[in-house]
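[1] build me a model from this:
(2 chains)
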2 protein chains.
Amino acid sequence: MSGKRSPLAPEAFPDLPALAGVRLSAMACGLRYQGRTDACLVELAKGTSVAGVFTRSKTASAPVEWCRRALSGGSARAILVNSGNANAFTGAAGIAAVERTAKALAGIIGCPRREVFLSSTGVIGEPLPDERLTGALGELERRLSATAWRDAAEAIMTTDTFPKGATRRVEIGGTAVTLNGIAKGSGMIAPDMATMLAFVFTDARIPADILQRLLVRAAEDSFNAITVDGDTSTSDTLLLCATGAARHPRVVAPDDSLLKGFRAALGELMADLAQQVARDGEGAEKFITIRVSGAASKRAARRIGLSIGNSPLVKTAIAGEDANWGRIVMAVGKAGEKADRDRLSIRIGGIEVAHDGAVVPGYEEALVARHMKGREIEIEVDIGVGRGRATVWTCDLTHGYIDINADYRT
Amino acid sequence: MSGKRSPLAPEAFPDLPALAGVRLSAMACGLRYQGRTDACLVELAKGTSVAGVFTRSKTASAPVEWCRRALSGGSARAILVNSGNANAFTGAAGIAAVERTAKALAGIIGCPRREVFLSSTGVIGEPLPDERLTGALGELERRLSATAWRDAAEAIMTTDTFPKGATRRVEIGGTAVTLNGIAKGSGMIAPDMATMLAFVFTDARIPADILQRLLVRAAEDSFNAITVDGDTSTSDTLLLCATGAARHPRVVAPDDSLLKGFRAALGELMADLAQQVARDGEGAEKFITIRVSGAASKRAARRIGLSIGNSPLVKTAIAGEDANWGRIVMAVGKAGEKADRDRLSIRIGGIEVAHDGAVVPGYEEALVARHMKGREIEIEVDIGVGRGRATVWTCDLTHGYIDINADYRT
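    Residues are numbered from 1 along each chain as shown, chains lettered A, B, ... in the order given. This is a model prediction of the structure:
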């Protein structure tokens, strides 16, 4: 948790209402940090269904592997999250720590082990002192409350500069349901790892297989559409839990028309959380929205958007408030997707600077320069070869990023 | 051309001997820079065969497209290179400029147009004032000399902090042949593009089709094994020209045993030039060699090496002299190649810090810390799943990179 709040942070943590079937608590277990909470327990009502998306890393952490296996059961009764130690690259000791923790948690909750989910974020390669976590379980259970959303969001932070939460309310077949979510982003304290964790809850009644399809689809345009530095954590975890407390009509498929509003709200909430993560990227001074259109496919548009969003040259140009569209062209070219140099058009802050592969003569440079001085940068790229569209969010690359990550020890 | 010479530069420009069939000249045409040369002409003897490798960018520049077409003829009589303007993203005007320049150059040399090759590096999106180039051709031709290698290497620089050259001598069937090469690297002045250009010459007598195969193979372990920031220029160009002046026995295939020494020398010379490019990466303070072994294939090893070498987290850790092997694990995991967390081993400066997926208890941290303070950083990663090997070279990511590329205009 670094000192200065990101200049791109929202005004305040939103007001997350109680959600039937979910209780939370947080406390300090002294895993690594001093004077702050580092563990969060979420208790879920019986019958809660669960869906999950995890890091694609081939060196995923022991807790991620645990969650992947537990997910096959489709139901969840508890989530225990700790910050300060990622329990990643810890070999057999890490697996044993996960098993001991899951056993203790299942005992406290009174459920099968495969209904408990574990997430860890923080330093890697060091053994997790799991006895501190399991020793705190009794107290965490006593503290459970329906309203501790902000406490939970704070306990899972590492070098995040603000806690991240979002809420939406929507109807399914005339019955109101709530969606609440918390997330932590890519901050890091050497030698910690950047890790994205997000936990989304709803009182809707949705079977696990349908929930999984909804989650994967919504992740595509939210958490899979952001990038800070293109690096991938060993621990990225996104869980969606549906307690089923709401008495709406039964839903039977991901495309069920009853779920129309729910799908939109889930997508919005997840995009909101994902954007908060990008707004808290290390050293971020500007929030960048990249809209790609005219690509060969949606997938191609996403890849081009990420190529622009991951380009150190584009990101440093924006840090320098330089409308360097040449670097955007470069990033389009290197994405490897179909592109035609002479059909490419680029807008910055709504002003067309390049059209059909050449600079727009006499474009309003002063307007573009003013846009570049702002906190919110808009880049639109039309590839001109198809109908694929995607939006990607990222932040600029600044001296702050180097300061945070180089940890100049000398 | 920035002021401070990279701390990773070689002692001096090497002594490149005359090479039968090659004459060079350089001069200042005032394309963009003041008070320095910005054009270089290379004249090649009749019968010179040529091979080329170009950027994979889908938005390649007009000169790159010209070279790709000219290459099909297999022979070269002249190369004209300019710095200061990349003639990229210049639409129909850019193509016309290339055609006018090629016509004028072919006229001066007295050869078909498809035997002339053009390369441009510098600002993109601005029309190339090709009349300044063509107007200088007469003087460039008068100045041709067999020894102007360093002049040529300097004329093609953009923000390179030192000129790059290399030479090797080897025998083909008992006859001595020479290899000379010059290159420019990835420096950039906003809003210029980073561009890698390299031109390699030999007096060996090698048909174009064989030369092409030799070049592609050697590029794999040299120019395709370096990275500064993972960005790809619209203009990257690598040409290999063989004048055929040496009277060695005829070579009939890329695998010809007569070429054994030549293949090795070509590989070494190209690796030397490529490493010089990485040593002159923007803001570079440390030169990093990443050796990957035990991968599923050579290709997998290269991809893992580039994933490590392109990771901003790894590069900033090294800038901070922090032996952060956790970030190396992360970069292995995100490469997408086969890996087994629990078989991975990592050495830094020759010291094993992680073995079979866990930290080596009590490894000599002081020795590793001393290594991290040096200019030359060695990282070895054994994936433990196969026999694929590759080496990748890169540099660290420092405040200097941000300074150069963010161009804080405010």
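[2] where do the strands of the stretch 201-350 of chain A begin and end?
    Here the stretch 201-350 of chain A has its strands, by DSSP state E, counting those that start in this stretch, at A:237-242, A:287-295, A:345-348.
[3] burial of the closest residue to residue A:321 other than its chain neighbours, as a residue count?
    Leaving aside its chain neighbours, residue A:321 sits nearest to residue A:372 (4.2 Å; criterion: C-beta to C-beta, 6 or more residues apart in numbering or on different chains). All C-beta spots, glycine's among them, are computed from the backbone N, C-alpha and C. Residues within reach of residue A:372, counting by other C-beta atoms under 10 Å in any protein chain shown, total 20.
[4] tell me the span between the first and last residue of stretch A:183-200.
    End-to-end distance for stretch A:183-200, by C-alpha to C-alpha, to the nearest Å: 8 Å.
[5] average pLDDT for that stretch?
    Mean per-residue pLDDT for stretch A:183-200: 65.
[6] same check, this time on stretch A:284-291
    Stretch A:284-291 shows a mean pLDDT of 95.
[7] do stretch A:319-335 as well
    pLDDT averaged over stretch A:319-335 gives 88.
[8] run through chain A and note the low-pLDDT ranges.
    Within chain A, the stretches with pLDDT under 70 are A:1-3, A:186-195, A:228-232, A:407-410.
[9] could I get the full set of helices for it?
    For chain A, applying DSSP state H gives helices covering A:62-71, A:91-109, A:130-142, A:149-155, A:208-220, A:260-279, A:298-310, A:312-319, A:325-334, A:365-372, A:399-406.
[10] for residue B:151, find the nearest of those.
    Nearest to residue B:151, of all the helices of chain A, is helix A:325-334, at 28.3 Å by C-beta to C-beta.
[11] returning to that earlier point: any idea which of the strands of the stretch 201-350 of chain A is most buried?
    Burial among the strands of the stretch 201-350 of chain A, expressed as mean neighbours by mean count of other C-beta atoms under 10 Å in any protein chain shown, is greatest for strand A:237-242, which shows a mean of 27.
[12] using PDB, list the CA coordinates for that one.
    What follows is strand A:237-242, C-alpha atoms only, in PDB (Å, rounded to 0.1, in the frame of the first residue of the first chain):
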ATOM      1  CA  THR A 237      -7.900 -14.900  -9.800                       C
ATOM      2  CA  LEU A 238     -11.500 -13.800 -10.600                       C
ATOM      3  CA  LEU A 239     -14.400 -15.500  -8.900                       C
ATOM      4  CA  LEU A 240     -18.100 -14.900  -9.400                       C
ATOM      5  CA  CYS A 241     -20.400 -16.300  -6.600                       C
ATOM      6  CA  ALA A 242     -24.200 -16.400  -6.800                       C
END
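[13] just how off-centre is it within its chain?
    Chain-centre distance of strand A:237-242: 11 Å, with C-alpha atoms, centre = their mean, to the nearest Å.
[14] got it, and stretch A:256-274?
    Put simply, stretch A:256-274 sits 15 Å off its chain's centre (C-alpha atoms, centre = their mean).
[15] check stretch A:247-264 too.
    24 Å.
[16] got a list of contacts for that stretch?
    A:170-175, A:177, A:179, A:202, A:204-207, A:210, A:213-214, A:217-218 (C-beta atoms under 8 Å, 6 or more residues apart in numbering or on different chains).
[17] would you map out the domains in chain A?
    For chain A, automatic domain parsing gives the domain ranges A:22-279, A:287-406.
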